[in-house]
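Enquirer: Quick one: sequence and predicted model below, then my questions.
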Amino acid sequence: MSGIIIVAIIFGSIVTLAGLICVTVLVLVRMRHSGLTAAGRQNSRDEAQMIQEIFRGLERMEERVEALETILMDGRENKGENG
């Protein structure tokens, strides 16, 4: 059962990373096409803020994944000691 959880955590991390890369590429492409108009600068600020929020969310997710990995490994070690 814990093997499934580990695989799910790893797969979720990979999917999240792929999503972040796609969003970053899309934002970069849009920034190139937005130009230097006032509306373009505002859109760039909004997109930069969105990317920062995504990045912060991914950092928090990474911390949670590491905590889950620690919990799973501690549980495995305790079973080995008790078993």
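Expert: Arrived safely.

Enquirer: In contact with residue 75: list those residues for me.
Expert: residue 2 (C-beta atoms under 8 Å, 6 or more residues apart in numbering). No exception for glycine: its C-beta is placed from N, CA and C like everyone else's.

Enquirer: mind running it again at 6 Å?
Expert: Counting by C-beta atoms under 6 Å, 6 or more residues apart in numbering, residue 75 makes contact with nothing.

Enquirer: Show me the longest helix that occurs in the protein.
Expert: Longest helix in the chain by number of residues (criterion: DSSP state H): helix 38-82.

Enquirer: Show the average pLDDT along that one.
Expert: Helix 38-82 comes out with an average pLDDT of 86.

Enquirer: same thing with stretch 2-13?
Expert: In this model, stretch 2-13 carries a mean pLDDT of 83.

Enquirer: Any idea which residue is closest to the centre of the chain?
Expert: Geometric centre of the chain, nearest residue: residue 58, 3.2 Å, by C-alpha atoms, centre = their mean.

Enquirer: roughly how far apart are it and residue 51?
Expert: Plainly put, residue 58 is 10 Å away from residue 51 if you go by C-beta to C-beta, to the nearest Å.

Enquirer: can you check residue 77 too?
Expert: Distance from residue 77 to residue 51, by C-beta to C-beta: 39 Å.

Enquirer: Which of these two has more residues huddled nearby?
Expert: Comparing residue 77 with residue 51 by other C-beta atoms under 10 Å, the one with more neighbours is residue 51, at 15 against 10.
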